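Participant: Okay, predicted coordinates and the sequence, questions at the end:
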Amino acid sequence: MSNRSKRYTEDFKNTIVELYNSGKTLSELNSEYGTSKSTIKLWIKKAAPIQIDKNKTITTAEYQTLI
């Protein structure tokens with residue numbers, strides 16, 4: 001049995017997050033795209049906005065690259 005993990009493009013990840021934010025459920029996304037719910041949750045968390053100041057917002061993933 002192979003222990004290879006799937007690799008997804010940033011565009012694919014962003015599309016899944018956008019679909020979730022537009023109202024699709026984790027179950028629907030899992031069924032349609034075959035991506036695990038835990039993976040989708042991770043992408044959603046990384047894409048969550050962080051308010052830096054009044055005029056600047058970045059994602060959690062962008063914040064992680066700063067530290």
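Facilitator: Thanks, I have the structure now.

Participant: For residue 48, which non-adjacent residue is spatially closest?
Facilitator: residue 60 (5.1 Å; Cβ to Cβ, 6 or more residues apart in numbering). Bear in mind the C-beta positions are built from the backbone N, C-alpha and C, glycine included.

Participant: again with residue 49
Facilitator: Closest to residue 49 by Cβ to Cβ, 6+ apart is residue 57, at 4.7 Å.

Participant: For the most centrally placed residue in the chain, pull up the helix or strand it's in.
Facilitator: Compute the mean C-alpha point of the chain, and by Cα atoms, centre = their mean the closest residue is residue 43, 2.0 Å away. If you go by DSSP states H and E, residue 43 is part of helix 37-47.

Participant: then the next helix-or-strand element following that helix to CSV, C-alphas only?
Facilitator: Using DSSP H and E, the next helix or strand after helix 37-47 towards the C-terminus is strand 49-53. Extracted in CSV, the C-alpha atoms of strand 49-53 (Å, rounded to 0.1, in the frame of the first residue of the first chain):
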residue,chain,number,x,y,z
PRO,A,49,-8.5,36.8,7.4
ILE,A,50,-6.4,38.5,10.2
GLN,A,51,-6.9,42.2,10.8
ILE,A,52,-3.5,43.8,11.1
ASP,A,53,-4.7,47.4,11.3
